[in-house]
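Participant: okay, here's the prediction I keep looking at, along with the sequence it came from:
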Amino acid sequence: MTRPSQRQWELFRLYENCPPPLPPLVFTQLWEVSYRELAALTGASRSTIEHWFSSGESRREPAERFCRRLAEIHLLWSNSDRLQPSVIQRWCRLDRP
């Protein structure tokens, strides 16, 4: 087991709030996706998605983890012309040391 270095902690602090959370309403103003697709992107149920966009008593605020996930997806999609799939595959490889 390896203890994180000071540099690794600094990198974490830089990344911790980057990108900032992106609410579903803002995300859907940037990207044309259906409720079904939004559910697939966030891991939330279709019913939960519907509550995010409803009004009145049935409206629910999305948890920060969903907004953070949408921000990360927005960052990936916005930079898709500069990111090679091989880079993502290396970052997400299953054979970590």
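Facilitator: Structure received.
Participant: quick test: name the residue nearest the centre of this structure.
Facilitator: Per Cα atoms, centre = their mean, the C-alpha nearest to the average position across the chain is that of R69, at 1.6 Å.
Participant: and for that residue, nearest residue in space, chain neighbours not counted?
Facilitator: Of all residues not flanking R69 in the chain, T42 sits nearest, at 5.4 Å (Cβ to Cβ, 6 or more residues apart in numbering). The C-beta positions use only the backbone N, C-alpha and C, and glycine is treated the same way.
Participant: quick check: that neighbour touching L70?
Facilitator: Yes - counting by Cβ atoms under 8 Å, L70 is a contact partner of T42 at 6.6 Å.
Participant: so where's this structure shaky on pLDDT?
Facilitator: Scanning the chain for pLDDT under 70 picks out 94-97.
Participant: what's the following helix or strand after the longest helix anywhere in the chain?
Facilitator: Ranked by residue count and defined by DSSP state H, the top helix of the chain is helix 64-78. Following helix 64-78 in sequence order, the next helix or strand is helix 85-91 (DSSP states H and E).
Participant: show me what that next one is packed up against.
Facilitator: Using 3 or more Cβ pairs under 8 Å, 6 or more residues apart in numbering; DSSP states H and E as the contact test, no helix or strand touches helix 85-91.
Participant: how far away is A39 from M1?
Facilitator: 37 Å (Cβ to Cβ, to the nearest Å).
Participant: who's more crowded, these two?
Facilitator: Taking neighbours as other Cβ atoms under 10 Å, A39 and M1 compare with A39 leading, 17 against 2.
Participant: that one reaches R46, doesn't it?
Facilitator: Yes - A39 is within contact range of R46, at 4.8 Å (criterion: Cβ under 8 Å).
Participant: give me the contacts around the helix or strand harbouring R13.
Facilitator: Secondary structure from DSSP H and E places R13 in helix 6-15. Helix 6-15 has contacts (Cβ atoms under 8 Å, 6 or more residues apart in numbering) with P4.
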